[in-house]
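In: build me a model from this:
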Amino acid sequence: MMTYPWMTERRFNAYPDYMKRTFGSRVQKLTIDAGFTCPNRDGSKGTGGCTFCLNDAFNPSYCVPEKSISRQITEGIEFHAQRYRRASKYLAYFQAYSNTHGSIDKLDILFREALGHSAVIGLVIGTRPDCMDKPRLDLLRNISSNHYVVVEYGIESIHNKTLARVNRCHTWEETLAAIQMTAEAGIRVGGHLIFGLPGETREDMMQSASVLSTLPLHSLKFHQLQVFRGTVMENEFLNHPSAFEVFTEAEYLNFMVEFIQYLNPGIVVERIAGETPPRYAVSKPWGPRYDQLLVKFENMLAEKNVWQGKLWDDKEEGKTQPVF
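Out: Purely as a prediction, here's the structure:
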């Protein structure tokens, strides 16, 4: 089995450490809302959006589409400097909705504006698997020749029954194709998963580890399901609570400790859980902040003497190579 640089530092391939190894210093993401929508909102493929989606729950206060990209970046730097500390390098994170769901000319203008800021070294582009094609990848490949670029796909689930139930309006097969196509273009591929979507058992969720480990993924984010006020899922949750595998904090941490052991150790883990302001949540959020939850997670890894990839079948290694 291969060894990885993170193995001398922590028990999982943590994103902040990866960025420090790559760039020599802390790198901060700056969330941007460029005013995009989604094909399951604007009628291209459907309406109403994903049943769980409430973008306001994740957008920082400075992040408003009426502001220019440049202004959002400037205000974002100040926002993060006040909450944490000022970084020397930043990534422009096009997060809200589907950020390749527009014309090539529009995308080029917006991405170039972000990269025009002297502190911005690259882009993270959140989008859907069905909002990517060769012309868009050609644009991003051109940008990536001089800048750090990650395309972050909303995977959410590997099960088509779940994707249909939450109104994703795309299939797992489309996700696979987009991941492969993006990696083949030489662009880093990130992904986002939600654990606890309606109709999924914990066995269904655990299956994701082995499936995703064979794909050319650079990074992954994991969130526990959070049901937000004002969403379609709120009504479903209140009317049919038995359809949901709702995690307590302890249950989720134990699940993630097991899950991480089956995950390819080459994949960078950006987050193990989600965090959102309590005012948006239908059910009572867990008490700890994310950084405190992360400490609990790492303590459990140490107590159980486990690490990312401990039970991963390394015979799968080499089938696909992520872009680093």
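In: going forward, measure contacts between C-alpha atoms and count neighbours the same way
Out: OK.
In: where's residue 180, which helix or strand?
Out: helix 172-184 (DSSP states H and E).
In: same for that helix, what does it pack against?
Out: strand 148-156, strand 188-195 (3 or more Cα pairs under 8 Å, 6 or more residues apart in numbering; DSSP states H and E).
In: turn these into TSV, columns for mean pLDDT and mean neighbour count.
Out: Below are these laid out as TSV (pLDDT from 0 to 100; neighbours: other Cα atoms under 10 Å):
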stretch	mean pLDDT	mean neighbour count
strand 148-156	98	23
strand 188-195	98	23
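In: ok, the residue sitting furthest away from the middle of the chain to residue 233 distance?
Out: Centroid-distance maximum for the chain: residue 239 at 28.8 Å, with Cα atoms, centre = their mean. Separation of residue 239 from residue 233 (Cα to Cα, to the nearest Å) stands at 10 Å.
In: please state the backbone phi and psi of residue 287?
Out: phi -70, psi -50 (degrees, to the nearest 10).
In: burial of it, as a residue count?
Out: 10 (other Cα atoms under 10 Å).
In: residue 168 too?
Out: 24.
In: ok, it - contacts?
Out: Contacts for residue 168 were tallied using Cα atoms under 8 Å, 6 or more residues apart in numbering; they are 40, 49, 50.
In: backbone dihedrals for the residue farthest from the centre of the chain, please?
Out: Taking degrees, to the nearest 10 as the convention, residue 239 sits at phi -90, psi -30.
In: distance of it relative to residue 232?
Out: Distance from residue 239 to residue 232, by Cα to Cα: 11 Å.
In: residue ranges of the helices in this protein, please?
Out: For the chain, the helices defined by DSSP state H occupy 15-23, 69-83, 104-115, 134-144, 160-165, 172-184, 202-213, 232-239, 249-261, 290-304.
In: so what's residue 163 up against?
Out: Per Cα under 8 Å, 6+ apart, neighbours of residue 163: 156, 157, 169, 170, 171, 172.
In: adding distance to residue 261, write the residues you listed out as CSV.
Out: Output for those, formatted as CSV (distance: Cα to Cα, whole Å):
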residue, distance to residue 261
156, 20
157, 19
169, 31
170, 29
171, 27
172, 23
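In: what count of nearby residues applies to residue 44?
Out: Counted with other Cα under 10 Å, residue 44 comes out at 10.
In: now swap in the one 10 residues further on and tell me
Out: Here the number of neighbours of residue 54 (other Cα under 10 Å) works out to 19.
In: surely it touches residue 233?
Out: No: assessed by Cα atoms under 8 Å, residue 54 is found out of contact with residue 233, at 10.3 Å.
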